[in-house]
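J.: need a 3D model of the following:
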Amino acid sequence: MKALVLFSGGVDSTTCLALAIYKYGKENVIALSIFYGQKHVKELEASKKIAEYYEVEHISLDVAKIFEHSECCLLDHSKQEIPKGDYFSQLKEASGNPVLTYVPFRNGLFLSCAASIALSKGCNVIYYGAHRDDAAGNAYPDCSTSFYNAMNEAIYEGSGKQLHIEAPFISLTKADIVKKGIELKVPYQMTWSCYEGGEKSCGVCGTCIDRAKAFEKNGIKDLTI
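T.: Prediction:
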């Protein structure tokens, strides 16, 4: 078996990478990092260093052109500011719509790109780190169980039943993921989650708050803040 891991350099995808390496061995794991026009490259820099740390093949892909028509606040050309505060507060303001940091159908695009590369590289499975907290309240609909099941079926059928997706954390919280990562000795100090591109994490955007809570529940100090 050979696995391709969608790899951003954050907590979830790094834990996913560690899990795939544990299961298949580093020689059978490829990390795929994707630039989509985000406002900073801190996470991509982190992904490169972590891939080197684990000694796995690392592929980079640029799909920024596809999102040039979106005004999502995470994108470099957007005039919208990145919202502060936790996702619960953001969802109340969104009235059932995805949060402002949702990049339109990003995971759908990423998984489709990953499928093509995975087949070309002889992989049997794609790992991605979607989890229950991101799907809650329709914050990120492309992290939901129903989305995962649909994409898995499409990729399985579209690949001639050669390839499938695994989202090992789809029913878990971010705190659960960190707990698993501790067992796998994931180097969380090397990861990057913040939507801002400062020297250190801002600590007040949605993903920073979620990360801090997950670390706190596991008794870990987050060295990136």
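J.: by mean pLDDT, which helix or strand of this structure comes out lowest?
T.: Ranked by mean pLDDT, DSSP states H and E, the helix or strand of the chain with the weakest confidence is helix 87-94, at a mean of 80.
J.: list the buried residues of that helix.
T.: Neighbour-count burial for helix 87-94, counted by 16 or more other Cβ atoms under 10 Å, picks out Tyr87, Gln90, Leu91, Ala94. Backbone N, C-alpha and C define where each C-beta goes, glycine included.
J.: which other residues reach it?
T.: Outside helix 87-94, the residues that touch it by Cβ atoms under 8 Å, 6 or more residues apart in numbering are Pro83, Val99, Leu100, Asp133, Ala136, Gly137, Asn138, Ala139, Gly206, Ile209, Asp210.
J.: quick one: buried ones out of those residues?
T.: Buried, going by 16+ other Cβ under 10 Å: Pro83, Val99, Leu100, Asp133, Gly137, Ala139, Gly206, Ile209, Asp210, out of those.
J.: out of these, which are inside strands?
T.: Among the buried ones among the contacts of helix 87-94, DSSP state E puts none in strands.
J.: tell me the contacts of Gly206?
T.: Counted by Cβ under 8 Å, 6+ apart, Gly206 has contacts Pro83, Gly85, Asp86, Tyr87, Gln90, Val99, Thr101, Tyr195.
J.: change it to 10 Å
T.: The contact partners of Gly206, by Cβ atoms under 10 Å, 6 or more residues apart in numbering, come to 82-91, 99-101, 134, 139, 193, 195.
J.: likewise Ala3?
T.: 16-17, 19-21, 23-25, 28-31, 56, 118, 123-127, 166.
J.: torsion angles phi and psi at Ala3?
T.: phi -120, psi 140 (degrees, to the nearest 10).
J.: ok, Asn138 touching Pro98?
T.: Yes. Counting by Cβ atoms under 10 Å, Asn138 does reach Pro98; the two are 6.1 Å apart.
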